[in-house]
Structure formats: C-alpha cells, structure tokens
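Enquirer: Have a look at this fold, sequence not included:
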C-alpha cells in the first residue's frame with residue numbers, strides 16, 4: 001500500500017510543479033489534493049477543482065488508509081489483506097488517471 005500512496009503523492013507534486021510552478025511540502029495525499037483544489041480555483045478552473053474535490057470525497061476512506069500505510073511502513077510494521085492492497089491499487093489508478101485528465105485539460109486551457 002505504501003507504493004500506491006507514494007504514486008499518488010509524487011504524481012500530485014509533479015502536477016503542482018508543472019501546472020502552477022508550485023512546490024508544496026507535504027506527504028499527505030489529502031492535503032496535496034486540497035492544495036490542488038485551491039490552485040485550480042484561484043486560476044479559474046472551478047469545474048476542475050470541483051472534480052478533484054469530488055474525487056477526494058469519494059475515496060476519503062481509502063486515502064486515509066493510504067496515508068496511514070505511508071507512515072506505518074516508514075516507522076513500524078503493518079500487514080494488509082490482499083483485498084485492501086487490491087483496493088488501494090485500484091483507487092490509486094483511478095485518482096492518477098483522473099488527475100492526468102485534469103492536467104491535460106488545464107494545459108489545453
């Protein structure tokens with residue numbers, strides 16, 4: 001699950017840097033998503049900001065689990081069921097694909 005969280009986190013940081021020349025120091029995916037919403041709104045991409053917010057709300061529980069996995073894997077030991085890992089991969093793919101779509105739409109203006 002660590003890798004699922006890391007994939008979303010790094011993808012978000014790349015988007016923030018590429019689209020808005022903004023670095024944001026956080027390891028929490030939900031915080032990074034909120035910052036992306038803020039920047040999209042400030043740059044008149046309100047519809048896209050709403051899409052990101054809906055995505056974060058829809059996957060709130062899994063994102064929280066991924067953040068916990070990130071911390072636990074660094075500072076402790078934790079085991080997950082296969083179903084949890086599969087869900088984290090599925091949600092990560094959905095989020096990254098949606099963020100990629102949003103990034104393209106911003107680039108197109």
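Expert: Everything's here; your move. Source: prediction; values computed, not measured.
Enquirer: For residue 52, see how far away residue 39 is.
Expert: In this structure, residue 39 and residue 52 are 10 Å apart, going by Cβ to Cβ, to the nearest Å. (Glycine included, C-beta is placed from N, CA and C.)
Enquirer: The two: who's more crowded?
Expert: Counted by other Cβ atoms under 10 Å, residue 39 and residue 52 do not tie: residue 52 has more neighbours, with 23 against 19.
Enquirer: Which strand or helix spans the more buried one?
Expert: According to DSSP states H and E, residue 52 maps onto helix 46-58.
Enquirer: Now do that helix: which elements does it pack against?
Expert: With contacts taken as 3 or more Cβ pairs under 8 Å, 6 or more residues apart in numbering; DSSP states H and E, helix 46-58 sits against helix 29-42, helix 82-108.
Enquirer: quick one: it to helix 82-108, angle?
Expert: 170 degrees (axes from the mean of the first three to the mean of the last three Cα atoms, to 10 degrees).
Enquirer: buried stuff in helix 46-58?
Expert: Neighbour counts over helix 46-58 (16 or more other Cβ atoms under 10 Å) mark 48-49, 51-53, 55-56 as buried.
Enquirer: Please state the offset of that helix from the chain centre?
Expert: Taking Cα atoms, centre = their mean, to the nearest Å, one finds helix 46-58 lying 11 Å from the centre of the chain it belongs to.
Enquirer: Which strands and helices lie in contact with the next helix-or-strand element following that helix?
Expert: Next helix or strand after helix 46-58 toward the C-terminus (DSSP H and E): helix 60-75. Identification of packing neighbours for helix 60-75 by 3+ Cβ pairs under 8 Å, 6+ apart yields helix 2-20, helix 29-42, helix 82-108.
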